[in-house]
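In: Next comes the sequence, and after it the predicted model I'd like to discuss.
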Amino acid sequence: MESQNRKRAPAWTEQEVWDLIAVWGDESVLSELRFKIQNAKIFDKISKGMKDRGYHRDLQQCCMKLKELRQA
């Protein structure tokens, strides 16, 4: 059972998803994802890009959302 102290992140808005795709689609980010084995620093960069756009998503949330989008 999930701890009561742990809260779910708010649902992603449509605009937030489009902004995530825009950050992810940046050529420098795509290039790094193509050539690096460990991606934690890249997802941190994506998270910071989202923060620059006014959102508060950590690297794990960005990673999971992009994984869901790729699977869909």
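Out: Yep, it's here. Numbering: from 1, shown residues only.

In: next SSE after the helix or strand of the chain with the lowest mean pLDDT?
Out: Here the helix or strand of the chain ranked lowest by mean pLDDT, DSSP states H and E is helix 27-35, holding a mean of 84. Next helix or strand after helix 27-35 toward the C-terminus (DSSP states H and E): helix 40-52.

In: Mind listing what's buried along that next one?
Out: In terms of neighbour count (16 or more other C-beta atoms under 10 Å), helix 40-52 has its buried residues at 42-43, 45-47, 49-50. C-beta coordinates here come from the backbone N, C-alpha and C atoms, glycine included.

In: For that helix, give the mean pLDDT please.
Out: Mean per-residue pLDDT for helix 40-52: 92.

In: Kindly provide the distance from the residue sitting nearest the centre point of the chain to residue 37.
Out: Nearest residue to the geometric centre of the chain (C-alpha atoms, centre = their mean): residue 62, 1.7 Å. Look at residue 62 and residue 37: by C-beta to C-beta, to the nearest Å, they are 18 Å apart.

In: if we look at the helix or strand hosting residue 15, which residues are touching it?
Out: Following DSSP H and E, one finds residue 15 within helix 14-24. Helix 14-24 is contacted from outside by 12, 29-30, 46, 49-50, 53, 55, 57, 62, 65-66, 69, using C-beta atoms under 8 Å, 6 or more residues apart in numbering.

In: okay if I get those as JSON lines plus distance to residue 22?
Out: As requested, these are exported to JSON lines (distance: C-beta to C-beta, whole Å):
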{"residue": "12", "distance to residue 22": "14"}
{"residue": "29", "distance to residue 22": "10"}
{"residue": "30", "distance to residue 22": "12"}
{"residue": "46", "distance to residue 22": "10"}
{"residue": "49", "distance to residue 22": "8"}
{"residue": "50", "distance to residue 22": "10"}
{"residue": "53", "distance to residue 22": "8"}
{"residue": "55", "distance to residue 22": "12"}
{"residue": "57", "distance to residue 22": "14"}
{"residue": "62", "distance to residue 22": "12"}
{"residue": "65", "distance to residue 22": "13"}
{"residue": "66", "distance to residue 22": "12"}
{"residue": "69", "distance to residue 22": "13"}
